[in-house]
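> Predicted model, plus sequence, below.
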Amino acid sequence: IHDHRTSLHLVRIAVHTHWQGRGIAKQLMGAIITHAQQIGVLRVTLNTQEHNHVAQQLYQQFGFVITGDRYDIYAMPAPPH
C-alpha cells in the first residue's frame, strides 16, 4: 500500500499446482480487492508475464486492463561478508 494509502500494488499471488483449478486464486483476488476497498484504496495495480495468459484472464475477470507498461526488476546484491 503506498501513495498515502490510495494505491495498492499486488506483488505476487500464487497457488500451488496441486490446488490450481479450484477457484482459490479467484477467492484470493476477491478478498484482496474487497480489503482494498474497505480501507479506502482507490487503485490496485499488478503485473505478470506476457505469456501468463491464465493469470491475465483471472485479472481481467476482476476488471483489470492491460496497460502495456513495462517495469524492470532490480536486485541489490548481498553485502560482502
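It's in. Residues are numbered from 1 along each chain as shown.
> Just list the residues touching Gln56, thanks.
Counting by CB atoms under 8 Å, 6 or more residues apart in numbering, Gln56 touches Thr48, Ile66. Heads up, the C-betas are built off the backbone N, CA and C, glycines and all.
> Give me the pLDDT value at it.
If you check Gln56, the pLDDT there is 93.
> Could I get the full set of helices for this structure?
In the chain, the segments counted as helices under DSSP state H are 24-38, 53-61.
> Next, the angle from the shortest one to helix 24-38.
If you take axes from the mean of the first three to the mean of the last three CA atoms, to 10 degrees, helix 53-61 sits at 40 degrees to helix 24-38.
> ok, back up a step: make TSV from the helices of the chain and add distance to Arg5 to it.
Output for the helices of the chain, formatted as TSV (distance: least, CB to CB, whole Å):
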stretch	distance to Arg5
helix 24-38	10
helix 53-61	22
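> which residues in this structure form strands?
7-10, 43-46 (DSSP state E).
> Select, out of the helices of the chain, the one closest to Asp3.
Between Asp3 and those, the tightest spacing by CB to CB is seen for helix 24-38, at 12.6 Å.
> to the chain's geometric centre, what's the distance from that closest one?
Helix 24-38 sits 10 Å away from the centroid of its parent chain (CA atoms, centre = their mean, to the nearest Å).
> which other helices and strands contact it?
If you count contacts as 3 or more CB pairs under 8 Å, 6 or more residues apart in numbering; DSSP states H and E, helix 24-38 packs onto strand 7-10, strand 43-46, helix 53-61.
> pLDDT (mean, whole number) over the second one?
Mean pLDDT, taken over the full extent of strand 43-46, equals 92.
> on that earlier part again, out of the helices of the chain, which gets nearest to Pro80?
helix 53-61 (37.2 Å).
> The closest one: which residues count as buried?
Neighbour-count burial for helix 53-61 flags Ala55, Leu58, Tyr59 (criterion: 16 or more other CB atoms under 10 Å).
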